[in-house]
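K.L.:
Attaching a predicted model along with its sequence, questions to come.
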Amino acid sequence: MYDIVIVGAGPAGATLARMLDNRYKILLIDKRNLNEDIEYKREKCCGGLIAPDAQKMLAHLGLGIPKDVLTGPQMFSVKSVDFDNGMEKHYQRHYINVDREKFDRWLVSLIPSTVEIKFNCLFTSHKKQKDYIEVKYREGNEEFVVKTKILVGADGATSNVRKQAFAGCTIPNTYISIQKWYKTNNEMPYYTSIFDRDITDFYSWIIQKGSYILIGSAILDNNEANEKFDLLIEKLRNYGFDIGEEYKKTGTLIMRTRKLRQINLIRDNVVLIGEAAGFISPSSAEGISYALKSGTMLAHSINNYDLKFARNYTKQIKKIKLNIIIKNLKALIMYNKFLRKVIMKSRVLSMDIKDLDQ
């Protein structure tokens, strides 16, 4: 019998596993192999930028990112390209550019040896019993059944834990995130955000990683996502961006939380953290800060209240909910064509950039 089974070893699950008291018997499972220096079978579709909110959370946790996790260039500005209004502006903002796979491996390496970790394992189902939760997972062709007092879903936007435990509940708006890597010979020392209603009512992005640029977009879940992404690439090439040979493509779903009722937390000792719960910025799709925060909050609640953690966790999560409300208000301005034009035209907080080529 385990005290806690955690499904998902990303930033939320790894943080929770690291911060739980060693008096608990814990099992952490993930479908990836984060223990060995091999590429994921399914690479996470993520830009791999640590935004200021996530930087603040890492500082709060007393963590500094190792140099081998970093990639170049480091970025100190955002280039906003507004195709809707035919405008372009630069804004000062610092992002830490990382190799996302190495970032996840680093967080896992911090987990104490008292936690049992199983990789290459796929969570399949759970069933609530009288005094415990029965959890099934598959490793290769073999299925295993374990018992636990608490089951934690930290398995991201497509969370199977959420689908089973919170069936019928309202979930965040679903977007398809497509991201392609392209060869480049130029350096792009800024993060590019792109606004274009022909592509999406959310946004698209360009990030450099060494000799590649990543171009991505979060597109409403429909049958035209690939066609819209191709249109984005065509527009960027016509705009003057150096887009070389395509190297690889990744994709995933993004849950964009627009209403608080789209957040799911606890049901029958099944609890969600990170993006599985719906914790993601509706203005930027940033989720690492929320993953670190919710993992920390749940660890604190369990450490101090054991099986009576639910009330305290729900209380702490109010801080995240308030932040999401604020981010939604920001999104109303960011994604309104007229208001965005007024702000960009006013040059408020914008900066002049000299000697930068597209």
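P.N.:
Received it, and whenever you're ready, just let me know what you need.
K.L.:
okay, CA-based contacts and neighbour counts for the rest of this
P.N.:
OK.
K.L.:
my read: Tyr2 touches Thr148, true?
P.N.:
Yes. Under the criterion of CA atoms under 8 Å, Tyr2 makes contact with Thr148 at 4.5 Å.
K.L.:
Comparing the two, which shows the higher neighbour count?
P.N.:
Higher neighbour count among Tyr2 and Thr148: Thr148, with 21 against 16, using other CA atoms under 10 Å.
K.L.:
Sticking with the more buried one, tell me its helix or strand.
P.N.:
strand 142-153 (DSSP states H and E).
K.L.:
For that strand, which helices and strands make contact with it?
P.N.:
Contact analysis of strand 142-153 by 3 or more CA pairs under 8 Å, 6 or more residues apart in numbering; DSSP states H and E lists strand 2-7, strand 133-139, helix 160-165, strand 270-272 as its packing neighbours.
K.L.:
Now mean pLDDT and distance to Lys249 too, for these, in CSV please.
P.N.:
Formatted as CSV, the helices and strands packed on strand 142-153 follow (pLDDT from 0 to 100; distance: least, CA to CA, whole Å):
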stretch, mean pLDDT, distance to Lys249
strand 2-7, 98, 26
strand 133-139, 97, 27
helix 160-165, 96, 24
strand 270-272, 98, 29
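K.L.:
Spatially nearest residue to the residue most central in space within the chain (excluding sequence neighbours)?
P.N.:
The centroid of the chain falls nearest to Gly287 when counting by CA atoms, centre = their mean (3.8 Å). Excluding its sequence neighbours, the residue lying closest to Gly287 (CA to CA, 6 or more residues apart in numbering) is Ile280, at 4.6 Å.
K.L.:
dump the residue contacts of the one you found.
P.N.:
Met255, Arg256, Thr257, Gly274, Glu286, Gly287, Tyr290, Ile324 (CA atoms under 8 Å, 6 or more residues apart in numbering).
K.L.:
Give me the three-state assignment for it.
P.N.:
Of the three states, Ile280 takes coil according to DSSP: H, G, I helix; E, B strand; the rest coil.
K.L.:
Could you report the pLDDT at it?
P.N.:
pLDDT for Ile280: 95.
K.L.:
Any chance of CSV for the helices and strands packed on strand 142-153, columns distance to Asp221?
P.N.:
Shown next, in CSV, are those (distance: least, CA to CA, whole Å):
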stretch, distance to Asp221
strand 2-7, 25
strand 133-139, 29
helix 160-165, 18
strand 270-272, 23
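K.L.:
Of those, flag the one that's most buried.
P.N.:
Most buried of these by mean neighbour count (mean count of other CA atoms under 10 Å) is strand 270-272; its value is a mean of 26.
K.L.:
Can you name the next helix or strand after that strand?
P.N.:
Taking DSSP H and E, what comes next after strand 270-272 is helix 288-305.
K.L.:
Going toward the C-terminus from that next one, what's the next helix or strand?
P.N.:
helix 310-316.
K.L.:
packing partners for the helix or strand that that next one is followed by?
P.N.:
For helix 310-316, the following helix or strand on the C-terminal side (DSSP H and E) is helix 318-334. Helix 318-334 sits against helix 337-346, with contacts defined as 3+ CA pairs under 8 Å, 6+ apart.
K.L.:
Can you report the mean pLDDT over the residues of the helix it packs on?
P.N.:
Mean pLDDT, helix 337-346: 95.
K.L.:
Please apply the same query to stretch 188-203.
P.N.:
Per-residue scores along stretch 188-203 average to 95.
K.L.:
One more: stretch 118-132?
P.N.:
95.
K.L.:
Show me which positions of it end up buried.
P.N.:
Lys118, Phe119, Cys121, Leu122, Phe123, His126, Lys128, Tyr132 (16 or more other CA atoms under 10 Å).
K.L.:
In strands, which of the residues you listed fall?
P.N.:
Among the buried residues of stretch 118-132, DSSP state E puts Lys118, Cys121, Leu122, Phe123, His126, Lys128 in strands.
K.L.:
ok, what's across the strand from the first one?
P.N.:
Per DSSP bridges, the residues bridged to Lys118 are Ile29.
K.L.:
pLDDT below threshold where in the chain?
P.N.:
Residue ranges of the chain with pLDDT under 70: 36-45, 355-358.
K.L.:
if we can go back for a sec, take the buried residues of stretch 118-132 and lay them out in TSV including distance to Gln164.
P.N.:
Below are the buried residues of stretch 118-132 laid out as TSV (distance: CA to CA, whole Å):
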residue	distance to Gln164
Lys118	21
Phe119	21
Cys121	18
Leu122	14
Phe123	11
His126	8
Lys128	11
Tyr132	16
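K.L.:
So which of these is the closest to Thr170?
P.N.:
Of all the buried residues of stretch 118-132, the one with the least separation from Thr170 (CA to CA) is His126, at 20.4 Å.
K.L.:
Could you measure from the nearest residue to that closest one once chain neighbours are set aside over to Glu224?
P.N.:
Of all residues not flanking His126 in the chain, Val135 sits nearest, at 4.4 Å (CA to CA, 6+ apart). Val135 sits 37 Å away from Glu224, going by CA to CA, to the nearest Å.
K.L.:
go on, Ser350?
P.N.:
Counting by CA to CA, the gap from Ser350 to Glu224 is 34 Å.
K.L.:
start to end distance for stretch 166-178?
P.N.:
27 Å.
K.L.:
If you could redo that for stretch 280-298, that was the one I meant.
P.N.:
End-to-end for stretch 280-298, by CA to CA: 17 Å.
K.L.:
Next: stretch 180-187.
P.N.:
OK, stretch 180-187 end separation, CA to CA: 17 Å.
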